[in-house]
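Sequence first, predicted coordinates after that:
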2 protein chains.
Amino acid sequence: MNLHRRLVTLADVARESGFGESTVSRVLRNQGSFSKRTADRVAEAVAKLGYVPNRLAGSLAGNAASAGSQLVGIVIPSLANIVFPDLLRGLTGALDRTGFQSVIGVSDYDPDREEALVAALLSWRPAGLVLTGLEHNPDTVALLRAAGIRVVEMIDTDGPGLDLVVGFSNRAVGEASAAHLVARGYRRIGYVGHDILRDLRAGKRLAGFEAALQGTGYGLIDREIVAEPSSATAGRAALDRLLDRTPDLDAVYFSNDDMALGGYFCCLARGWSIPHRLALFGYNGLDITAAMPQPLSTIRTPRLRIGEIAAERLAAGGPAETIDLGFALVAGATA
Amino acid sequence: MNLHRRLVTLADVARESGFGESTVSRVLRNQGSFSKRTADRVAEAVAKLGYVPNRLAGSLAGNAASAGSQLVGIVIPSLANIVFPDLLRGLTGALDRTGFQSVIGVSDYDPDREEALVAALLSWRPAGLVLTGLEHNPDTVALLRAAGIRVVEMIDTDGPGLDLVVGFSNRAVGEASAAHLVARGYRRIGYVGHDILRDLRAGKRLAGFEAALQGTGYGLIDREIVAEPSSATAGRAALDRLLDRTPDLDAVYFSNDDMALGGYFCCLARGWSIPHRLALFGYNGLDITAAMPQPLSTIRTPRLRIGEIAAERLAAGGPAETIDLGFALVAGATA
DNA sequence: AAGTATTTTGGCAGCGCTGCCAATCGAGTT
DNA sequence: AACTCGATTGGCAGCGCTGCCAAAATACTT
């Protein structure tokens, strides 16, 4: 390709159209005043030369102290769990509509990587930053404060936020799940989960679950926690281990629907009837679980909506606040 | 936050450390020569002032004609299908390692949106662009050529590419799937798929499948195609309709594993034994399908690897070429 | 000690665009 | 016809950083 030829610049368009650079710039941004004829001439020149504006220069020149570029930085912990693509979908959808572009970083649930990513994203002078969860390194917070930009923390509302917070209470999710199981008469309840040291939200759900269970007088009988990320395979294997150890459970709470689906397959393979021999309860409201012969009992979370609201609030401006979007318990047929 | 105060600039660091701007710049980029003592002093000043480099300015100043910014633009058709998060995971992982940041756009399988996104991404003067598939608007191609940057087209190798192409032959996937089913003795074969008008790769797989089937003398008996995106729910409903209409099929080929999983649930709900009453064959090699009591027979695609190779080639430079990463047929227990 | 490499350093002109402000143009006023 | 006022337009100084090149400091020779 033409690595040799200089790219077309605003000055070229100005020369070609016969107007000044400022005028062309105004027309291109549809800002300030100019006549219809001018706009047409400029459009013509742009088309003829194949001009593509250079936003690097634009953002640098524009008020660099305040919201510089039309970029929004997004840091998510993972892409392996469907939750995050869903959040991204909501974010990019709403962001596109408001003319923003998304720069994305994946932290692998590592606070240090999150910090590095925040620093890297900040160097593009984004208009705002979107993070996941409320827990960050002190240095990350310092960077954020110094940058003086809007920040959204998604998913978790169980604690104080830096600026905007959009999500729901993971603790309340755990409590609601426990209440449901107890109300249905289950007493010998176990837990199958993935790495709570890394996925802090899963930890908060479990804490809420256990607390609610204690409150009713029944405790958690046994638990099986895997170190790996959540997956159906991990869920199936973990439930197998749990049942080998403690066969007389009557219900199992899973850290999420991926794990629960693995649990479902485990029961199918053992020929155990659900929910009579064993009840299953998940978390997330994955599409797949609705297609199961027996729909999974789970908690449906407003993932897409969280992304959308986060993006909209970021674009709209407004006071710092915490927005709790709640969740819905889906009774299903497995618990 | 401090929207009022000017952000710290390189000049501030220079003043604070007592060196010139060029020296500080060199130290910060670890390029050119400077003494250890200088580096320490600069690091000190950076830490003291909390300096965050402005990459907008950096990229603008750096050779703007060639690879300007350290950004790579990525356009994917969707985030709803797990394939794309997997590709993204490979891309962002490898890109991070080479110091690039990813700007992402989602086209919703719409070539016009793809074009708009390419134009928008190009305005950040990315070092390269990553697209999905080989089919683009003529204007999109023109934009790409004029930009003079590296382009990678992912997933599909069935046709000529613009520059780098990383993927596998979707047509060959279809052919291999058909060959497997025929070899196993299935003769009355149906197809359940999602929107081939939008997902062109699914169309190519189906074309390969049908061609191979014709070649053996057996044709495709019946097909059920839904207009919506693929999902387990859609797969289950579609298989139900197909079987109501043509009950005597002995095998069904699905457009992907999501659909196939829905088909599996459909059989479970009907009490049909798999693969004796009906055999199922999918595509993608989703993790979930490996956890099923009967692992799904499917094609495993190197999604992560495609993303990684794409990113690496983009970063490394090198000649235009098509890299076929192949695929693996997973025999499974459903066909 | 004088001279020649080599390493370190600083000055300054842009990169392409926008903000500011002054200049120009028309049309309406008196 | 002289004058006012709003609509258009152009000139130019940066935005913060890097590339280029010359200057300064240091090291090595003979």
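It's in.

Make sure residue A:298 is indeed in a strand.
Yes: using DSSP: H, G, I helix; E, B strand; the rest coil, the assignment for residue A:298 is a strand.

what packs against whichever strand or helix holds residue A:60?
In this structure, residue A:60 sits in helix A:55-61 according to DSSP states H and E. Applying 3 or more CB pairs under 8 Å, 6 or more residues apart in numbering or on different chains; DSSP states H and E, one finds that helix A:55-61 makes contact with helix B:55-61. Any C-beta I mention is one placed from the backbone N, CA and C, and that applies to glycine too.

touching DNA strand D at all, the helix it packs on?
Yes: counting by CB under 7 Å from any atom of the strand, DNA strand D is contacted by helix B:55-61 at B:57-58, B:60-61.

Using PDB, write down the CA coordinates of the next helix or strand along the chain from the helix holding residue A:60.
For helix A:55-61, the succeeding helix or strand toward the C-terminus, using DSSP H and E, is strand A:71-76. What follows is strand A:71-76, C-alpha atoms only, in PDB (Å, rounded to 0.1, in the frame of the first residue of the first chain):
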ATOM      1  CA  LEU A  71     -12.400   7.700  23.500                       C
ATOM      2  CA  VAL A  72     -13.700   5.800  26.400                       C
ATOM      3  CA  GLY A  73     -11.400   3.300  28.100                       C
ATOM      4  CA  ILE A  74     -12.900   0.000  29.300                       C
ATOM      5  CA  VAL A  75     -11.100  -2.400  31.700                       C
ATOM      6  CA  ILE A  76     -12.800  -5.800  32.200                       C
END
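
Would you mind identifying the next helix or strand past strand A:71-76?
Trace forward from strand A:71-76 with DSSP H and E and the next one is helix A:83-97.

what sits up against the helix or strand following that following helix?
Next in sequence after helix A:83-97, counting helices and strands by DSSP H and E, comes strand A:101-106. Contacts with strand A:101-106, where a contact means CB atoms under 8 Å, 6 or more residues apart in numbering or on different chains, come from A:70-79, A:88, A:91-92, A:95, A:117, A:120-121, A:124, A:126, B:71, B:88-89, B:92-93, B:96, B:101-105, B:120-121, B:124.

now check the helix or strand following strand A:101-106, is it near chain B?
Where DSSP H and E defines the elements, the next helix or strand beyond strand A:101-106 is helix A:111-122. Yes: judged by CB under 8 Å from any CB of the partner chain, helix A:111-122 and chain B are in contact via A:119-122.

could you list every residue that touches the residue lying closest to residue A:147 once chain neighbours are set aside?
Once flanking residues are discounted, residue A:147 sits nearest to residue A:122: 5.2 Å by CB to CB, 6 or more residues apart in numbering or on different chains. By CB under 8 Å, 6+ apart, the contact set of residue A:122 is A:73, A:129, A:143, A:147, B:52.

low pLDDT regions in the stretch 51-200 of chain A?
Scanning the stretch 51-200 of chain A for pLDDT under 70 picks out A:63-69.

Can you point out the buried residues in the helix or strand hosting residue A:174?
Take DSSP H and E as the rule and residue A:174 turns out to sit in helix A:170-183. Within helix A:170-183, the residues scored as buried using 16 or more other CB atoms under 10 Å in any protein chain shown are A:170-182.

Verify the contact between residue A:98 and residue A:317 for me.
No: the criterion here is CB atoms under 8 Å, and residue A:98 misses it with residue A:317 at 11.4 Å.

Just give the number of residues close to residue A:71.
26 (other CB atoms under 10 Å in any protein chain shown).

ok, it touching residue A:130?
No: the pair residue A:71 / residue A:130 is not scored as a contact, 11.4 Å apart, by CB under 8 Å.

circling back: which one among the buried residues of helix A:170-183 gets closest to residue B:152?
Of all the buried residues of helix A:170-183, residue B:152 sits closest to residue A:170, with 38.3 Å by CB to CB.

Drop anything exposed from the residues of helix B:55-61 next to DNA strand D.
B:57-58, B:60.

Can you lay out these as JSON lines showing distance to residue B:196?
Listed next are these as JSON lines, based on distance: CB to CB, whole Å:
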{"residue": "B:57", "distance to residue B:196": "47"}
{"residue": "B:58", "distance to residue B:196": "45"}
{"residue": "B:60", "distance to residue B:196": "44"}
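
of all the residues you listed, which comes closest to residue A:258?
Closest approach between those and residue A:258, by CB to CB: residue B:58, at 41.2 Å.

quick one on the thing from earlier: grab the two from the residues of helix B:55-61 next to DNA strand D that are most spread out in space.
Taking CB to CB, no two of the residues of helix B:55-61 next to DNA strand D sit farther apart than B:58 and B:60, at 7.2 Å.

what about the helices in the stretch 201-335 of chain A?
Taking DSSP state H, counting those that start in this stretch to define them, one finds helices in the stretch 201-335 of chain A at A:232-245, A:257-270, A:287-291, A:303-316.

Check those helices for me and report the most buried one.
Scoring the helices of the stretch 201-335 of chain A by mean neighbour count under mean count of other CB atoms under 10 Å in any protein chain shown gives helix A:257-270 as the most buried, with a mean of 25.

mind giving me the domain split of chain A?
Following automatic domain parsing, one finds the domains of chain A at A:10-53, A:71-168+A:303-325, A:170-300.

For the longest one, measure first residue to last.
If I follow you right, that is domain A:170-300. Start-to-end span of domain A:170-300 (CA to CA, to the nearest Å) is 12 Å.

go on, the second one?
Here the two ends of domain A:71-168+A:303-325 are set 25 Å apart, with distance taken as CA to CA.

just the first one next, same as before
Taking CA to CA, domain A:10-53 runs 7 Å from one end to the other.

Show me the one of the domains of chain A that comes nearest residue B:159.
For residue B:159, the closest of the domains of chain A is domain A:10-53, at 25.3 Å, according to CB to CB.

residues from the stretch 101-250 of chain A in reach of chain B?
Counting by CB under 8 Å from any CB, the residues of the stretch 101-250 of chain A near chain B are A:101-106, A:119-125, A:142-143, A:145-149, A:163, A:231-233, A:235-236.

Could I have the ChimeraX command that selects the buried members from these?
Per 16+ other CB under 10 Å, the buried members of those correspond to this ChimeraX selection:
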select /A:101,102,103,104,105,106,120,121,122,123,124,125,143,146,147,149,163,231,232,233,235,236
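
Name the nearest residue to residue A:86, ignoring sequence neighbours.
Nearest to residue A:86 is residue A:303, by CB to CB, 6+ apart, at 3.9 Å.

In contact with the one you found, which residues are there?
If you count contacts by CB under 8 Å, 6+ apart, residue A:303 has them with A:83, A:86-87, A:90.
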